[in-house]
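Novice: Using only what follows, build the 3D model:
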Amino acid sequence: MGGDDGTAGSAPAGGASKDAGTKDAGTSDSGSAGPGSADAGTGTRSGTGAPKADGSTCTAGKVSVKLRRTGGSAPAVLLKATNTGSTRCDLYGYPLVGFPDAQAPVAIGGGKPQSVVSLKPGGSAYASLSLAEGDGAEVHREKQLTVELADRESRGTGATARVDAPSGAGLALSDESTVSYWNATAEDAMR
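Specialist: Sure thing, here's the model as predicted:
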């Protein structure tokens, strides 16, 4: 499923996006996330942990969440969150990633924690999701993930996006798979 840039789009967990005719449909009624060329990232970092007064917590209704191949040799994919709204919003901590029949979200691991990544309208942030290698007994393949964004206390915001895997076979996950903190650039998310 995914566009030519190796991304797979998201739809609200409650049903199809109103912009379901595009492959990069976002999770909000604001329309599509635009071109998938924001690989350098347009989020800003804030070391204070206190967002500016004009921002609010990013939710699945305010951002489009996509999966993107890394193009490297590491067994990982990138989660790309793009602000589709008209005002700045703040991403906290890390995405809460799940899949059908999951008993708990994918564990946190990798990357350097940031207090907050602020996204201007059209801005993006990235988190990496490590994949399992091989096809052992503990490995399962998932064609769809759920992503919930966290608030400043690292609790889920309540809205969940469904994100399709960028490859037909599904993503190889195991109990060893981890998700990184949100970062302003794809490169930082992969460290």
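
Novice: Spatially central, which residue of this structure would that be?
Specialist: Centrality entry for the chain: nearest residue to the mean C-alpha point is Leu79, 3.4 Å, by Cα atoms, centre = their mean.

Novice: For the protein, list the residue farthest from the centre, please.
Specialist: The chain, farthest from centre, Cα atoms, centre = their mean: Ala137 at 27.0 Å.

Novice: coming back round to it: show me the contacts for the residue nearest to the centre of the chain.
Specialist: By Cβ atoms under 8 Å, 6 or more residues apart in numbering, the contact list for Leu79 reads 65-68, 95, 97, 126-129, 147, 163, 179. For every residue, glycine as well, the C-beta is placed using N, CA and C.

Novice: what's around the closest residue to Val106 other than its chain neighbours, how many residues?
Specialist: Spatial nearest neighbour of Val106, excluding adjacent residues (Cβ to Cβ, 6 or more residues apart in numbering): Val97 at 4.3 Å. A count of neighbours around Val97, defined by other Cβ atoms under 10 Å, yields 24.

Novice: repeat for Lys143
Specialist: Neighbours of Lys143 using other Cβ under 10 Å come to 15.

Novice: Just give the number of residues close to the residue nearest to it when sequence neighbours are not counted.
Specialist: Counting by Cβ to Cβ, 6+ apart, Lys143 lies nearest to Gly170, which is 4.3 Å off, once chain neighbours are set aside. A count of nearby residues for Gly170, using other Cβ under 10 Å, gives 16.
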